[in-house]
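A.B. asks: Sequence isn't available, so here's the structure alone:
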C-alpha cells in the first residue's frame, strides 16, 4: 500500500497535536485564553474544510461563509424554536452544509477559474441579506439551566476546547483519508489539468460534487459549534466577507493543499489577531486588521507557497518518495494483462457516420465518415487546421457533434462525457502533452489506471505494467514536470494504456521529436498494436506516418479527401494538392507534359 | 398630466437607477481596466473607492480646502482630485507590492500565481479598511452640499441634483477614459498588454509598466466615482464591501475586458438595484444584484459584450 508508513506517521502527528492542545488547555486558567484556543480550533476546521475543496481541487471558493453561517443558524434556530440540543443541531448543520454544497456546486461547477471564484463570493453575501430581511439580525442562544449539558452550556470553558478539538481531529482524519485515496488523487488531477483528468477516465463532476459536499458539511458543523461557543449569531458575523476570507487566508498562509497548512495558519494568525485586538483594540480600533493585512502580505512576498511547504522544503532533504524505494514492480507477463495479440484485422471497432460540427461560421468537421478496424494501426493526416484534433475531441466526448453518429464496438457513444468514453475503452493522448506536472510519473499513470482498478494496489500494479510496456519503468519516481519531451510522450502513452483500452487515440505523439526519439516511440506504438490495441494516430507530417500505419485517411478542411494504403494515398492528386497547393500541382503537370 | 401611481414609481426608480448608475459605471470601468489587463481579482477595489470618498470629504467638508469654489463646484473638483491622489497611492502599492505577485508570467496562468494575488489584495483590503478606521474613525460621514438636498422636478419624477451632476460628470469622464484607451499610445499599449501579455512583450511593450498604469488608473477612476457618490450618500471605512459586488457584477455583466461593457454593466446594475425596490423589500436590494450577477455568470459568462476564447 502506498505511503502507509507516511499515513501512520500522520495519524501519530494528529494524536500528538491533540494531546498538546489538551495539555495547553488544562494548563491555562484564563477563560479568555480558552475562548481564543477554541476559536483557533474552529477556524482550523473551517480552513481544512475549505482546503478539501479549494486546496486539493484548485476550485477557489470565496464563499465558505455560506456553509459556516447555515450551520450556525441551524444550531441557533434549532435551540430557540425546536429545543433541539446542539448535539443533534451540529450534525444537522453538517447535513445542511452538505446539501448547500450540492445545491451550490451543481450549477457553479459549470464555471472555472475566476468565474467560479466570483460566483462563490456571491452566495454568502446574498444569504446575509436574506437573513437580515428575515429578521434574524441578532439572535442569542437562550440559557437552558435545567439541562446545561444537553445544550452544551458548560461552566468550564475547557469543555468547548475539547469539543472543538474533537471536530478538528475529525476534520484532520477526513483530510488525511482524502489525501491518501483515489478521491484525493482525482482532485489533484483536476487541479493540475482537468481535461486530462477527464480524458483519463476520472469522473471530474462526481469528485468535485463530493468535495464540495464534504467541505460544506465540515464547515457547517464548525459553524454550528461556533454558534454554541459565542452564544450570539448575527448575519454579518457568520455570513460576512471576513468569514469567507478567513479560511482562505489561513490556508494560504499555512500552505494550500497540505494537511497541516490550515492548522498552522490558524494557530499563528488567530491568536495574533485576537491578541492585538485585546491589547490595542481600545486605543487603535482596527489595528489587528492592519497588522493581519501586513502579515499576510509579508508572508506571500517572502514564502508564497505558505509556511508549511517552505518549512518542509527547508528541513527535509528531497528524499526519494515512498514510491521510489518500493520494490520493483511485480512485472507481469504482458499476455496476462493485454488482450491476446490479434494481428489480423477483424471487425469495425470505431465507426463515424456523417459527423458535422461547426464553430460559428467555421465548419470544422463537414460530414466525416470513418471506419477504424479492430487491430489496425490507422493514421489520419492533414495540414494544420484540417480538423484533426477536433475529430478526436468529438470521439472522446470533449465536443458534441452537431450531427452524425459515432459507435464504438457496436454501441453508440452519443451523449457520453470523456470519462465515460474512457471507461468504454478509448484512451487518448494530447497534442500538447497534458501531464499532471507536480505528480510523479507513476502517479500520473495511476490516475489513468484507476479507471480499470478497484483499489490503489491494483491501480499501481496496472500503472507499473503500463510503464513497462512503454519502457519508462526506470523513471517511475521522477516528477513529471522535469521530463524530456520523449519521456512525457511515453508517460502520456502509459497513462492512456494503463486501463487497458481497446482503442488508443494518439494526437501528434510524434511531433517535435528528434530522429532517435522518433524511432523509439514508433517502436513502442507498433508494439502496443501487436499486443492487440487498435491505434488511431493523427499527424501532420507524412514521413513518419508512412513507415508506421497500415491505413491512411487524409483530412482537409473538415472533410476526408482520401483514404487507403499509405503508398496509394501519397500519390493521390487531391492529397498533394492539399499539402502543396494547387500551383504546385500545375507545375507538376507542366513538367510532365 | 397625472400618471398612474405605479408608472410614476417605475419612472422614479428608473431615473434613480440611471443617475446612480453613472457613478457605478465609472467605478466598473476602473475595475474593468484592472481585471481586463491584469486578470487579478482585486478585493481592495472597494477600499480604494472608500479612499476616494474620504479624499473628497477632507478636501471639502473636512478641512474646507476647496470651500472657495463654492458649494457647487467644490465637491465636483474634490471628486476629480481624489483621482490623482489615489492614482499615486495605487502606483506605490503596485510598485512595491502588487507587481511582485503579478506580471507577464503570472497573468497567463490561473494556477499557482492566482493564490498570491488574491491574498495580497485581501491583505490590502484589510489594511485600507482598518487603517481607515484608525485614521477616519467609524462614524458615518457625508459631504453635505445644497445639491444633495435639492432636486429637480420633471413631471412626477424627482431628480436628486447631486446625483444628476455626478451622473453627467461620470459620463464625461467615461468618454475621456474611452478616448484615452482608444487613441493614445499609452492606452494602446495597455490594451495590447491586456490582450496577450506575452505577445506584447515581444512587441517591445513594457508589460509591467502597462500593468502599473492599468492598476493606478483603475483605482484612480474608481476613487473619482467614490468622490462623486460621497455627495449623495453617507459612508464609513467599511463602505467598500458594498461596492465590491456592484463592481464585479457590473464588470461581469458587461463582459470581462470590455470597457464599453463595463460602462453599460455598471449602469444596468444601478437600474437593477433601484428597480428592485419596486418589488422587493429594501433590505433585499443587494440580493437582487447578486441574483442578477449569478444569472449572468450562468447564462452568459462572457457578458453582454465579451467573447469566449477557450480551447481544449
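C.D. replies: Okay, I see it. Computed from a predicted structure; not experimentally measured.
A.B. asks: Point me to the helix or strand that includes the residue of the stretch 151-300 of chain B found nearest chain A.
C.D. replies: Among the residues of the stretch 151-300 of chain B, residue B:290 lies closest to chain A, at 3.7 Å counting by CB to the nearest CB. Any C-beta I mention is one placed from the backbone N, CA and C, and that applies to glycine too. Using DSSP states H and E, residue B:290 falls within helix B:285-299.
A.B. asks: starting at the chain centroid, how far to stretch B:212-225?
C.D. replies: Its chain's C-alpha centre and that of stretch B:212-225 lie 9 Å apart, by CA atoms, centre = their mean, to the nearest Å.
A.B. asks: So which bits of the stretch 251-400 of chain A are right by chain B?
C.D. replies: Neighbours of chain B within the stretch 251-400 of chain A, by CB under 8 Å from any CB of the partner chain: A:252-253, A:256, A:284-290, A:292-297, A:300-301, A:304-305, A:393, A:398-399.
A.B. asks: Tell me which of those fall in helices.
C.D. replies: Judged by DSSP state H, the subset of those located in helices is A:252-253, A:287-290, A:292-297, A:300-301, A:393.
A.B. asks: Counting neighbours, which of those residues comes out on top?
C.D. replies: residue A:252 (30 neighbours; other CB atoms under 10 Å in any protein chain shown).
A.B. asks: That one reaches residue A:303, doesn't it?
C.D. replies: No. Contact criterion CB atoms under 8 Å: residue A:252 and residue A:303 do not qualify, at 10.5 Å.
A.B. asks: number of nearby residues for residue A:489?
C.D. replies: Neighbours of residue A:489 (other CB under 10 Å): 26.
A.B. asks: In three-state terms, label it for me.
C.D. replies: Following DSSP: H, G, I helix; E, B strand; the rest coil, we place residue A:489 in the helix state.
A.B. asks: How about it, nearest residue that isn't a chain neighbour?
C.D. replies: Excluding the flanking residues, the one nearest residue A:489 by CB to CB, 6 or more residues apart in numbering or on different chains is residue A:509, at 5.5 Å.
A.B. asks: did I read that right, the one you found in a helix?
C.D. replies: No. Looking at residue A:509 with three-state DSSP, it is coil, so not inside a helix.
A.B. asks: burial count for the residue of the stretch 151-300 of chain B closest to chain A?
C.D. replies: Neighbourhood size, residue B:290 [other CB under 10 Å]: 23.
A.B. asks: Residue A:361 now?
C.D. replies: When neighbours are counted by other CB under 10 Å, residue A:361 comes out with 5.
A.B. asks: SS state for whichever residue of the stretch 101-250 of chain B sits closest to chain A?
C.D. replies: Nearest to chain A, among the residues of the stretch 101-250 of chain B, is residue B:130, at 2.9 Å (CB to the nearest CB). Under the three-state scheme (three-state DSSP), residue B:130 adopts helix.
A.B. asks: residues contacting it?
C.D. replies: Residues in contact with residue B:130 (CB atoms under 8 Å, 6 or more residues apart in numbering or on different chains) are A:285-290, A:292-293, B:237.
A.B. asks: try it again with 7 Å
C.D. replies: A:286, A:289-290 (CB atoms under 7 Å, 6 or more residues apart in numbering or on different chains).
A.B. asks: Let me see the contact set for residue 259.
C.D. replies: I'll assume chain A. Residue A:259 sits next to A:10, A:172, A:175-176, A:179 when contact means CB under 7 Å, 6+ apart.
A.B. asks: looking at chain B here, not the other one
C.D. replies: Residue B:259 neighbours (CB under 7 Å, 6+ apart): B:29, B:32, B:178, B:181.
A.B. asks: distance of the residue lying closest to the last one once chain neighbours are set aside from residue B:80?
C.D. replies: Distance criterion CB to CB, 6+ apart; nearest residue to residue B:181, sequence neighbours excluded, is residue B:187 at 3.9 Å. Note on residue B:187: its distance to residue B:80, by CB to CB, to the nearest Å, is 19 Å.
A.B. asks: Kindly report the same for residue A:185.
C.D. replies: Remark: distance between residue A:185 and residue B:80 (CB to CB) = 56 Å.
A.B. asks: neighbour count winner among these two?
C.D. replies: Each of residue A:185 and residue B:80 has its neighbours counted (other CB under 10 Å); residue A:185 has more, 25 against 17.
A.B. asks: Counting by contacts, list what the helix or strand where the more buried one lies packs against.
C.D. replies: Using DSSP H and E, residue A:185 sits in helix A:182-192. Judged by 3 or more CB pairs under 7 Å, 6 or more residues apart in numbering or on different chains; DSSP states H and E, helix A:182-192 is in contact with helix A:56-57, helix A:194-199, helix A:204-230, helix A:441-449.
A.B. asks: Would you convert those helices into CSV that also reports mean neighbour count and mean pLDDT?
C.D. replies: Below are these laid out as CSV (neighbours: other CB atoms under 10 Å in any protein chain shown; pLDDT from 0 to 100):
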stretch, mean neighbour count, mean pLDDT
helix A:56-57, 26, 89
helix A:194-199, 23, 84
helix A:204-230, 26, 94
helix A:441-449, 29, 85
